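Sequence and computational prediction follow.
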Amino acid sequence: MIRLFNIDRATQTTPRGRADGEDGLGHPEHSPTSPLSIHDLTVAYHRKPVVWDVDLEIPEGKLVGLIGPNGAGKSTLIKACLELAPKASGLIQVYGQPYRKQRSLVGYVPQRESVDWDFPVSALDVVAMGGYHRLGWFRPVNKRCRSEAMQVLERVGLADYAGRQISQLSGGQQQRIFLARALAQNAKLYLMDEPFAAVDAGTERAIVELLHDLKSRGKTCLVVHHDLATVAEYFDWVVLLNMRVVDAGPTRAVFHQENLRKTYGGKLTVLSAAAEAVQHAGEWLVRVAGNAWFFAGASPGA
């Protein structure tokens, strides 16, 4: 069995000297005001890399499309940012702090397939969950919270479905409900995992309108997206991912044929190189990474 162990930063040494534009751990400096900054992130399951050596900074107030082929690690990257996937190495910060300290600033829209739609809650109950962080622990949902949830349901056009159990909604309505929950949180950064998947044209237009409304209010959205035909229309910033970041930047500068060829045509090459690196990552990460995680067959000294 593969286990993960935390290595105390104080016991590690950096493999390279501090240089201009780097922090004390050899990471490129990222702005503490950036909504999301990712340093040297690797995520692997059973020694198989899923996301490899990602370094990325998401600018504020942008609609950012996360683009790449199936199996490229897009959903895993989103989950790692939310501490729902274990990091092999790397650092993720939300506005200069770990996610656990900034939870209230981050709204999350999961893939529909990851939701238990038979759970006995209504549409209104789900949207009200977005206000839980303002209520505090073990506090019941109050009248004000439910009123705010109803206002968000009206905003996404589903006020008439407030009392309906979530499995009784259509696919597009279900997607809008979880968008509404994220909106109710009133976050600054929104992470959305394929919100356009398997929705009708009306729902897709409604989601696009919501995204533009969020942008107009200074919010930042990172959206996993598969439809290449709509990327230039929907997003003003793009991250091209195939386990590693192929390129990232303004859509007009990054979203072009050569980068798409690298993103969708080079998967086997990237996978081979990443797998070789992770196979040797155990000792290497322990030796060079501050506050890193390493792979081992058993705990030290076992």
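Nice, thanks for sending it over. It should be emphasised that the depicted structure is a prediction, and the values quoted were computed from it without experimental measurement. Numbers count the residues shown, from 1 in each chain.

Quick one: neighbours of G68, just the number.
Using other C-beta atoms under 10 Å, G68 has 23 other residues around it. All C-beta atoms are positioned from the backbone trio N, CA, C, and that covers glycine.

So it is in contact with N242, correct?
Yes: using C-beta atoms under 8 Å, G68 is in contact with N242, at 5.2 Å.

what do these two both touch?
Here G68 and N242 have 263-264 as joint contacts, going by C-beta atoms under 8 Å, 6 or more residues apart in numbering.

which residues touch V156?
V156 makes contacts with 176-177, 179-180, 183, 206, 210, as judged by C-beta under 8 Å, 6+ apart.

For it, give me the pLDDT.
On pLDDT, V156 comes in at 90.

One more: G17?
Predicted confidence (pLDDT) for G17: 33.

Same question for A289.
pLDDT, A289: 33.

Could you pull up the residues touching A80?
So A80 contacts 41, 43, 51, 87, 92 (C-beta under 8 Å, 6+ apart).

sec struct for it, please.
Judged by DSSP: H, G, I helix; E, B strand; the rest coil, the three-state class of A80 is helix.

ok, the residue nearest the centre of the chain - contacts?
Nearest to the geometric centre of the chain sits I78, at 2.2 Å (C-alpha atoms, centre = their mean). For I78, the contact set (C-beta under 8 Å, 6+ apart) comprises 66, 108, 191, 193, 222, 224.

Return the closest of these with respect to Y264.
Set against Y264, the nearest of those by C-beta to C-beta is L66 (14.2 Å).

ok, now which ones touch L82?
99, 106, 108, 191.

Could you do R164 as well?
So R164 contacts 122-123 (C-beta under 8 Å, 6+ apart).

That one and R176, how far apart?
12 Å (C-beta to C-beta, to the nearest Å).

One more: T251?
From T251 across to R176, the span is 25 Å (C-beta to C-beta).

who's more crowded, the two?
A count of neighbours by other C-beta under 10 Å puts R176 above the other of T251 and R176, at 27 against 20.

That one contacts L158, doesn't it?
Yes: assessed by C-beta under 8 Å, R176 is found in contact with L158 at 5.7 Å.

Could you count how many residues lie near E258?
Using other C-beta under 10 Å: E258 sits among 9 other residues.

Would you mind writing the CA trace of the helix or strand where it lies as CSV?
E258 belongs to helix 257-265 when assigned by DSSP states H and E. The C-alpha trace of helix 257-265 is given here as CSV (Å, rounded to 0.1, in the frame of the first residue of the first chain):
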residue,chain,number,x,y,z
GLN,A,257,-4.0,25.8,-33.5
GLU,A,258,-0.4,25.1,-32.4
ASN,A,259,-1.3,25.1,-28.7
LEU,A,260,-4.3,22.9,-29.4
ARG,A,261,-2.1,20.4,-31.2
LYS,A,262,0.2,20.3,-28.2
THR,A,263,-2.7,20.0,-25.8
TYR,A,264,-4.7,17.3,-27.6
GLY,A,265,-1.9,15.6,-29.6
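
May I see the buried residues of that helix?
By neighbour count on 16 or more other C-beta atoms under 10 Å, the buried set for helix 257-265 is 259-260, 262-264.

Now tabulate these in JSON lines and tack on pLDDT and distance to S122.
Listed next are the buried residues of helix 257-265 as JSON lines, based on pLDDT from 0 to 100; distance: C-beta to C-beta, whole Å:
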{"residue": "N259", "pLDDT": "94", "distance to S122": "44"}
{"residue": "L260", "pLDDT": "93", "distance to S122": "43"}
{"residue": "K262", "pLDDT": "93", "distance to S122": "46"}
{"residue": "T263", "pLDDT": "94", "distance to S122": "41"}
{"residue": "Y264", "pLDDT": "92", "distance to S122": "41"}
